[in-house]
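# Need a 3D model of the following:
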Amino acid sequence: MTLAEEGYGLFGTLEACARAAGVKPDSEEFDEAAALVGLPYCRVLDLYVDPETKRRAEELCFAQAHRALIC
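Residues are numbered from 1 along each chain as shown. Now for the predicted structure:
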């Protein structure tokens with residue numbers, strides 16, 4: 001059974017594989033890996049999100065960035 005099949009989901013699977021390879025979450029290497037699987041890190045939201053949400057959040061001012069999650 002894969003990690004995804006065990007309920008980890010895409011991000012959980014990525015995190016588990018990264019840890020197994022010695023890559024720490026919250027590192028630049030992890031951010032690059034997350035972006036490769038379609039979950040780029042959005043500094044404004046401090047979250048890993050889909051590219052469209054990241055684009056919307058970065059277009060808004062910092063105080064309004066959370067509104068990108070509503071759409």
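# and C42, what does it touch?
Contacts for C42 (C-beta atoms under 8 Å, 6 or more residues apart in numbering) come out as Y48, V49, T53, K54, A57, E58. Placement of C-beta: from N, CA and C, glycine included.
# That one and C61: what is the separation?
For C42, the distance to C61 equals 14 Å [C-beta to C-beta, to the nearest Å].
# do R19 as well
On the measure of C-beta to C-beta, R19 and C61 end up 35 Å apart.
# So which of those two has more stuff around it?
Legend: neighbour count by other C-beta atoms under 10 Å for R19 and C61, higher for R19 (12 against 8).
# Might one say that the more buried one is in contact with S27?
No: counting by C-beta atoms under 8 Å, R19 stays clear of S27, with 11.0 Å between them.
# Can you name the residues that contact H66?
When contacts are counted by C-beta under 8 Å, 6+ apart, H66 touches L45, A57.
# for this structure, longest helix please?
helix 9-20 (DSSP state H).
# where does that one sit relative to the chain's centre, distance-wise?
Its chain's average C-alpha position is 11 Å from that of helix 9-20, according to C-alpha atoms, centre = their mean, to the nearest Å.
# Show me what the next helix or strand after that helix is packed against.
Downstream of helix 9-20, the first helix or strand assigned by DSSP states H and E is helix 28-36. Applying 3 or more C-beta pairs under 8 Å, 6 or more residues apart in numbering; DSSP states H and E, one finds that helix 28-36 contacts helix 9-20, strand 41-42.
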